[in-house]
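# Quick one, fold the following:
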Amino acid sequence: MSDDMQASAAGETPAVGGEYERHPVPGQARMGFKSFLGMYAGEHTAGTELMIGPLFVLAGVAAFDVVMGLLIGNALAVLSWLLLTAPIATRVRLTLYYQLEKIAGRYTVILYNLANGLAFCFLAGAMITVSATAVGVWFGFPLPTLSDLMPNSVGWVLSVLGVGIVITLVAAYGYRFVSWFANIAAPWMVLIFLGFGIVSLKWFIDATGTGVGSPADLWALAETAIWTGVQVPGQPDFTIWHVIFFAWFANMAMHVGMSDLSVLRFARKSWYSIASAAGMYVGHFMAWLAASMLFAFQMYEAGLTSDRAMIAAAEAGQIPNPLPGPLADQALGVAGLICVIIAGWTTANPTIYRAGLAFQAVIPRVSRFKVTIGTGLLTTFVAMFPGVAMQLLGFVALYGLLLMPIGAVIFIDFWVLPKLGLKSFYAEHAGRRITYPVLGTWLITLAICLFLVKFAEIEIFFVALPGWFIAAALFIGLSLLAQRSNARPAGEEIRVAGNASAIATNASGKE
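Next up is the predicted model:
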């Protein structure tokens, strides 16, 4: 057993940062269900929901498509956490990055960690951008428009810098502080988002003069005034399948891509991952719909309810900007602005925490605290460019696609390779710093998926699911070739297998 594992088994706190970056989480450090309920509700009921909701309206989603699509897609997301991520997280109890290092080798995982950490920085940057739009309304400086890619005022830069520093400090103090912060903020934010929906519904009733005395009346209002199916020129054209796959794979990097191994390794039980439903149905269902309604009312007020009117407004540059700060201020004033600011914090906090873990795995001699501070500053710089947030739908899909093949590798390595007589944690067994089965699986899968997007013209939302099976098949095939052609002597295999068994026993903790 390694020194790290012995320290963990003895109940000692690891030296690096106290976050068990290179150790299985011991029993006394594991957390209860409530911690994950608050974290998932806080992370996914966020300021970015006020960006994503309006994008459904811009994409011309019809009422039935958006409601049913979100119900189905979010259910698939919860099942992905429950069935794919959590069982491995609560048995191995390692961060994604350290576990991948054992599978893929140090050099392979450095490339992945850099890509993963940078992707998290861009995602968290979009969340800081969202919070800064609320600060902009408060202090009255110019805000970015739908087409802006670069910072447009000194006030914008200063607001992003202030918000980013606060978020970075919270993330740097570790997962327990992140979880505590989310638990404090989440219940209040949920009520504010519900308020957004109620207020916007009242606006529609008053503006249309329609009485809503039954569910049928409400549904008729939704179809004719809120989600009319009229697409803004230049925006994606969404159907129910787009909504299902977007809701399912909006967090693909976290569940299918296995990034939440780093979070769920703290869970006492695998089923605690069902807490993700709080994020999916409060955040990615209720909050998306409420935000969508807020923006839809702006479109309704502007008379943009037909294809002809939409085309004319787009040509004249008169499409309303779906900025969270002004939308929240219009609905609930100061309370709405505070909600947007805090909602950005609660989502960016765990995202920067994950990014810090990714970069810290590349430079393990530097403390996670220092790495997270540096990560937060990089994220804050990214947030100054509003174009990242304005292209959020496409970026989320690309980000998930980038990390998806590694999720398939981890799943196959844990569940399938031992049943085929192959070794899990092969890089550790073989003493390899680079393993071609993992690197080949990742790069070939990405190449195939991007080829399908570029040349077969399959939309990016739909390539990840077949891509996962392609990655799984590739990893099995390449592992068979690599391990059988590099078999070690029998005595050494027995010794290595015994060491791996000891690691797994100390890491798992029976559920």
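# Leaving out chain neighbours, which residue sits closest to M254?
Of all residues not flanking M254 in the chain, D260 sits nearest, at 4.5 Å (Cβ to Cβ, 6 or more residues apart in numbering). Quick note: C-beta positions are derived from backbone N, CA and C, even for glycine.
# And the one you found, how far from A408?
To A408, D260 is 15 Å away according to Cβ to Cβ, to the nearest Å.
# How confident was the prediction at F181?
The model reports F181 with a pLDDT of 65.
# Likewise for the one 3 residues further on?
Per-residue confidence (pLDDT) for I184: 72.
# Give the helix, strand or coil label for it.
For I184, the assignment made with DSSP: H, G, I helix; E, B strand; the rest coil gives helix.
# what does stretch 469-483 rub up against?
404-405, 408-409, 411-413, 416-417, 420, 422-423, 426, 435-438, 440-442, 444-445, 448-449 (Cβ atoms under 8 Å, 6 or more residues apart in numbering).
# try 7 Å this time
With contacts defined as Cβ atoms under 7 Å, 6 or more residues apart in numbering, stretch 469-483 is touched by 404-405, 408-409, 412, 416-417, 422-423, 426, 435-437, 440-441, 444-445, 448.
# Now the buried members of these.
404-405, 408-409, 412, 417, 422-423, 426, 435, 437, 440-441, 444-445, 448 (16 or more other Cβ atoms under 10 Å).
# Now the helix or strand containing A77: buried residues?
Element membership of A77 [criterion: DSSP states H and E] is helix 63-80. Neighbour counts using 16+ other Cβ under 10 Å place 63, 65-67, 69-70, 72-80 of helix 63-80 among the buried residues.
# Show me what the helix or strand just after that helix is packed against.
Using DSSP H and E, the helix or strand that follows helix 63-80 towards the C-terminus is helix 86-92. Applying 3 or more Cβ pairs under 7 Å, 6 or more residues apart in numbering; DSSP states H and E, we find helix 86-92 packed against helix 261-264.
# contacts for the following helix or strand past the helix it packs on?
Downstream of helix 261-264, the next assigned helix or strand under DSSP H and E is helix 276-278. Outside of helix 276-278, the residues within contact range by Cβ under 7 Å, 6+ apart are L37, Y40, A41, V78, W81.
# Please apply the same query to stretch 312-320.
L146, V232, P233, G234, Q298, M299, A302, L304.
# Report the secondary structure state of the last one.
Here L304 is recorded as coil under three-state DSSP.
# can you pull the contacts of it?
M310, A313.
# run the last query once more with 8 Å
L304 neighbours (Cβ under 8 Å, 6+ apart): V230, V232, M310, A313, I319.
# got the contact list for the third one?
Just to be clear, that refers to M310. V230, Q231, V232, P233, L304, I319.
# pLDDT score for it?
84.
# Off-centre distance for the helix or strand harbouring it?
Using DSSP H and E, M310 maps to helix 307-315. Distance of helix 307-315 from its chain centroid, counting by Cα atoms, centre = their mean, to the nearest Å, is 34 Å.
# same deal with stretch 145-164?
For stretch 145-164, the distance to the chain centre is 23 Å (Cα atoms, centre = their mean).
# what sits up against the helix or strand F451 falls within?
Per DSSP H and E, F451 falls inside helix 436-454. Under the contact criterion Cβ under 8 Å, 6+ apart, helix 436-454 has outside partners 100, 103-105, 108, 111-112, 401-402, 404-406, 408-409, 426-427, 458-460, 463-464, 467, 470-471, 474-475, 478-479, 481-482.
# Give the buried residues for the helix or strand following that helix.
Of the helices and strands lying after helix 436-454 in sequence (DSSP H and E), the nearest is helix 464-485. Buried residues in helix 464-485, counted by 16+ other Cβ under 10 Å: 464-465, 467-468, 470-472, 474-476, 478-479, 482-483.
# And the pLDDT at T95?
Value listed for T95 in the pLDDT field: 88.
# Correct me if wrong: it contacts A361.
Yes - in this structure, T95 is within contact of A361 by Cβ atoms under 8 Å, at 7.1 Å.
# overlap in contacts of these two?
Counting by Cβ under 8 Å, 6+ apart, the shared contacts of T95 and A361 are E21.
# which regions of this protein sit below the pLDDT cut-off?
Residues of the chain meeting the criterion pLDDT under 70: 1-18, 146, 174-179, 181-183, 185-186, 487-511.
# what residue is smack in the middle of it?
N251 (4.0 Å; Cα atoms, centre = their mean).
# my guess is that one contacts A77, does it?
Yes - if you go by Cβ under 8 Å, N251 and A77 touch, sitting 6.1 Å apart.
# what's near enough to touch the closest residue to D237 other than its chain neighbours?
Nearest residue to D237 in three dimensions, chain neighbours excluded: Q231, at 5.2 Å (Cβ to Cβ, 6+ apart). Shown in contact with Q231 (Cβ under 8 Å, 6+ apart): L58, A59, G60, D237, D307, M310.
# can I get the contacts of stretch 312-320 in a markdown table with distance to E19 and secondary structure?
Output for the contacts of stretch 312-320, formatted as a markdown table (distance: Cβ to Cβ, whole Å; DSSP: H, G, I helix; E, B strand; the rest coil):
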| residue | distance to E19 | secondary structure |
| --- | --- | --- |
| L146 | 39 | coil |
| V232 | 44 | coil |
| P233 | 48 | coil |
| G234 | 44 | coil |
| Q298 | 43 | helix |
| M299 | 45 | helix |
| A302 | 49 | coil |
| L304 | 49 | coil |
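# quick one: which of the residues you listed is nearest to G117?
L146 (28.7 Å; Cβ to Cβ).
# which residues are contacting stretch 143-158?
132-133, 136-137, 139, 141-142, 160, 319, 321-323, 325-326, 384-387, 390.
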